[in-house]
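Trainee: sequence unavailable; structure follows:
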């Protein structure tokens, strides 16, 4: 008996996109498109009748927009959803809200020549649907003790001398939410943070702005030469690798468009390797939910240079790929549930400061 195919339902108000998506996904032997729907009302009936494993959902639709429908799905019957979004500021903002509401991932549709543009993205679309099918989708509930955790961490961080330690965090699928949960409890005097999240350009700016609204630390999309300073997190911009550099006592970031690494730009490995080189034992590495092995080699280099590294555990990951590979490569010191990482990280930094 062959492997079970992934059953996909495509929800999009454009007949052209429904057809192109059906064609792309049907070319993969591991996927079966069980149906399409022009709007959420038709989709709801088809979900009951066809019981799909994964839904692809257009962000902007008449009758009921994709975000509202997604919220209804996640409260009634959580399942893996991949959003299909336009490459606009508005599209980016809505897509980030969709990831907050529980979507596993998103693909962006081209603005011109949709048919050829989508075909160019075929590999990515197929991949994201396959990853979504394996994702650990839960009902979205925020930790209710967020305020208490913030207070406890603030007390803990008061002791940390923040001048020369660096925190480097890498994530992919499921990472937007994991980063939010990790960063929003960190106190304003947290040591400098650099972040790489696999995400296309235009989206990283919206994501950084969104985090900045929610966090006590300042979060911004990195620009060439930005200083790496306490109380601030710099996010690698989409389509650019971000590296740590040092000039005298000052750390700063440098951006480049060198070739993709592990199929990504920005790549977590590129960032981690630069941290190993310039910050060595004065750094802490964190690898969060995501598919593939980006970050595993770089994290090992960080450990060999004296850093202490944390990986998110399988139970709290949307996709336990990158942390698993980093653990396998031998670069991880502690494997923890996402909720426990901020306190463990700050405890380690406090210990470093008292040495």
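Mentor: Structure's in. What do you need? Predicted, not measured: the structure shown is a model, and the values here were computed from it.

Trainee: look up the closest residue to the residue sitting nearest the centre point of the chain, ignoring the ones flanking it.
Mentor: With distances taken as C-alpha atoms, centre = their mean, residue 175 lies nearest the centre of the chain, 2.5 Å away. Spatial nearest neighbour of residue 175, excluding adjacent residues (C-beta to C-beta, 6 or more residues apart in numbering): residue 197 at 4.9 Å. (C-beta placed from N, C-alpha, C; glycine too.)

Trainee: how about that neighbour, phi and psi?
Mentor: Main-chain torsions, residue 197, degrees, to the nearest 10: phi -120, psi 130.

Trainee: could you list the low-pLDDT ranges of the chain?
Mentor: Across the chain, residues meeting the criterion (pLDDT under 70) sit at 1-2, 111-112, 139-145, 155-163.

Trainee: do a quick rundown of the strands in it.
Mentor: Secondary structure of the chain, counting by DSSP state E: strands at 6-11, 31-37, 54-58, 81-86, 105-109, 166-171, 193-197, 218-221, 232-235, 241-247, 250-256, 283-287, 308-312, 334-336.

Trainee: what about the helices in the protein?
Mentor: The residue ranges that make up the helices of the chain, judged by DSSP state H, are 15-26, 40-50, 66-76, 89-101, 114-120, 122-134, 146-157, 175-183, 203-214, 268-278, 296-304, 322-329, 341-354.

Trainee: the second one: which residues count as buried?
Mentor: Right, the one you point to is helix 40-50. 40, 43, 44, 46, 47 (16 or more other C-beta atoms under 10 Å).

Trainee: same thing with the shortest one?
Mentor: With burial defined by 16+ other C-beta under 10 Å, the residues of helix 114-120 counted as buried are 118, 119.

Trainee: turn the helices of the chain into TSV, including distance to residue 242.
Mentor: As requested, those are arranged in TSV below (distance: least, C-beta to C-beta, whole Å):
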stretch	distance to residue 242
helix 15-26	31
helix 40-50	38
helix 66-76	30
helix 89-101	19
helix 114-120	25
helix 122-134	21
helix 146-157	24
helix 175-183	15
helix 203-214	10
helix 268-278	6
helix 296-304	12
helix 322-329	17
helix 341-354	20
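
Trainee: pick the most buried one from the ones you listed.
Mentor: Among the helices of the chain, ranked by average contacts under mean count of other C-beta atoms under 10 Å, first place goes to helix 268-278 (a mean of 25).

Trainee: can you list contacts of it?
Mentor: When contacts are taken as C-beta atoms under 8 Å, 6 or more residues apart in numbering, the neighbours of helix 268-278 outside the stretch itself are 166, 168, 170-172, 194, 196, 198, 236, 241-246, 251, 258, 261-262, 283, 285, 287, 294-299, 301-302, 304-305, 307, 322.
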